[in-house]
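Visitor: Need the 3D shape of this:
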Amino acid sequence: MIEDVTLLKRSEITMHVRFKGGATRSFTLPLPLGAPELRKTDAAVIQEIDRLLDGHTEREIALILNQKGMRSGSGKPFSGTKILRLKYACKLTDSYTRLRVAGKLTAEEVAERLGLAVPSVKGWQYRGLLTIGASLQRQWRMLV
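Guide: Down below sits the predicted model:
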């Protein structure tokens with residue numbers, strides 16, 4: 001039935017089929033996506049990660065996304081490490097920079113500005129005289 005088939009791969013795939021008896025047919029298909037594009041995390045998920053970075057750690061974000069049923073580009077649940085990798089790959093602003101933009105200072109900077117020792121500033125924070133966000137309490141270097 002089929003005499004021969006010719007495939008041309010350019011900006012799309014074109015297939016020319018020649019049948020016995022002389023009839024021909026041509027088909028055009030888009031190029032398939034490559035593996036990186038197939039495994040790319042959805043843009044809506046990246047936007048949600050960016051939004052959540054304003055007040056949550058990578059680990060908290062992973063839990064939130066998993067609870068919402070969101071999955072990575074490979075279809076797997078999120079982990080804190082995966083969120084961290086996506087944050088760098090997508091060039092999202094890190095939590096520390098976001099806090100700095102919001103006017104937050106490190107305990108050391110507050111101590112210097114007020115002429116106090118760092119333990120005194122942290123003591124004020126523990127007594128409620130200085131407030132910090134809940135997720136910041138889990139940051140390695142505390143900002144107040």
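Visitor: ok, and for the worst-scoring helix or strand of the chain on mean pLDDT, which residues are buried?
Guide: Lowest on mean pLDDT, DSSP states H and E among the helices and strands of the chain sits helix 95-101, with a mean of 79. By neighbour count with 16 or more other CB atoms under 10 Å, helix 95-101 contains the buried residues 95, 99. C-beta: built from backbone N, CA, C; applies to glycine.
Visitor: what do you get for stretch 100-112?
Guide: 104-107, 110-111.
Visitor: where do the helices sit along the protein?
Guide: 35-38, 43-52, 58-67, 80-89, 95-101, 107-114, 118-126 (DSSP state H).
Visitor: send the alpha carbons of stretch 93-104 over as PDB?
Guide: Provided in PDB are the C-alpha atoms of stretch 93-104 (Å, rounded to 0.1, in the frame of the first residue of the first chain):
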ATOM      1  CA  THR A  93      14.100  37.000  45.400                       C
ATOM      2  CA  ASP A  94      15.300  35.200  48.500                       C
ATOM      3  CA  SER A  95      13.600  35.600  51.900                       C
ATOM      4  CA  TYR A  96      16.500  37.600  53.400                       C
ATOM      5  CA  THR A  97      16.300  40.200  50.600                       C
ATOM      6  CA  ARG A  98      12.500  40.400  50.900                       C
ATOM      7  CA  LEU A  99      12.800  41.200  54.600                       C
ATOM      8  CA  ARG A 100      15.500  43.800  54.000                       C
ATOM      9  CA  VAL A 101      13.200  45.500  51.400                       C
ATOM     10  CA  ALA A 102      10.500  45.500  54.000                       C
ATOM     11  CA  GLY A 103      12.800  47.400  56.400                       C
ATOM     12  CA  LYS A 104      13.700  44.500  58.700                       C
END
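Visitor: Run the chain-centre distance for that stretch.
Guide: 17 Å (CA atoms, centre = their mean, to the nearest Å).
Visitor: Without its sequence neighbours, what residue ends up closest to residue 30?
Guide: In space, and not counting its chain neighbours, residue 30 is closest to residue 12: 5.5 Å by CB to CB, 6 or more residues apart in numbering.
Visitor: Same question for residue 83.
Guide: Using CB to CB, 6+ apart and skipping residues adjacent in sequence, the residue nearest residue 83 is residue 58, 4.1 Å away.
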